[in-house]
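Asker: sequence? don't have it. structure:
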């Protein structure tokens, strides 16, 4: 947004202050878990810390951002649903917050698949989805359902997609889905494996992606 009607000196005084990483992490991690913390106490502690580090003008912008994030976190609790769906959404959010989308960054499916050898007791399926507009970014080890699992990462425009697979028996063939604060998850199982795809994509788009993965 342009600062119209301001003198050159005034424009030089306007700075953009970023929220400290630890503050952003604390807020969004709570949102991902669906926690209902005691916000007045949290606000007091966070603002006390920021007062020591930020200039007054930055404080105004930071407070606005903080209040907006807290308003999101204090909204209605997410609907009860599949426990695994909540776990994979939380893992997806953590990967974005920590900027840790992949342990092996490669667009080559065989390279990514080989990286998991010896790190898991199963071989994850790495699908080529480039014809559908999803490019492979890489893969990482994650922890879901009480065990280490494979997470493959794809990119679609400006959206990152996590595709989890793990040898956890489930309701074979039955599709499950969950929408939670802007994130969607779609899961299904076969005789031996359970799969989940998670992103901030539209629910319909994510279901179409899940259907394509099931056909692979």
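Answerer: Noted; the coordinates are in hand. This one's a predicted model, so the numbers in the text were calculated from it and none came from an experiment. Numbers count the residues shown, from 1 in each chain.
Asker: wait, residue 180 sits on residue 88?
Answerer: No - the pair residue 180 / residue 88 is not scored as a contact, 10.4 Å apart, by Cβ atoms under 8 Å. C-beta: built from backbone N, CA, C; applies to glycine.
Asker: residue 113 contacts residue 124, correct?
Answerer: Yes - counting by Cβ under 8 Å, residue 113 touches residue 124, with 6.8 Å between them.
Asker: which of these two has more residues huddled nearby?
Answerer: Legend: neighbour count by other Cβ atoms under 10 Å for residue 113 and residue 124, higher for residue 124 (21 against 18).
Asker: in the strand or helix carrying residue 141, what's buried?
Answerer: Using DSSP states H and E, residue 141 falls within strand 135-144. By 16 or more other Cβ atoms under 10 Å, the buried positions in strand 135-144 come out as 136, 137, 138, 139, 140, 142, 144.
Asker: okay, now the sheet partners of that strand, with direction.
Answerer: Here strand 135-144 has these sheet partners by DSSP bridges: strand 104-105 (antiparallel), strand 147-156 (antiparallel).
Asker: format the buried residues of strand 135-144 as CSV; extra columns: distance to residue 152.
Answerer: Below are these laid out as CSV (distance: Cβ to Cβ, whole Å):
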residue, distance to residue 152
136, 7
137, 8
138, 8
139, 5
140, 9
142, 10
144, 13
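Asker: fine by me, thanks again.
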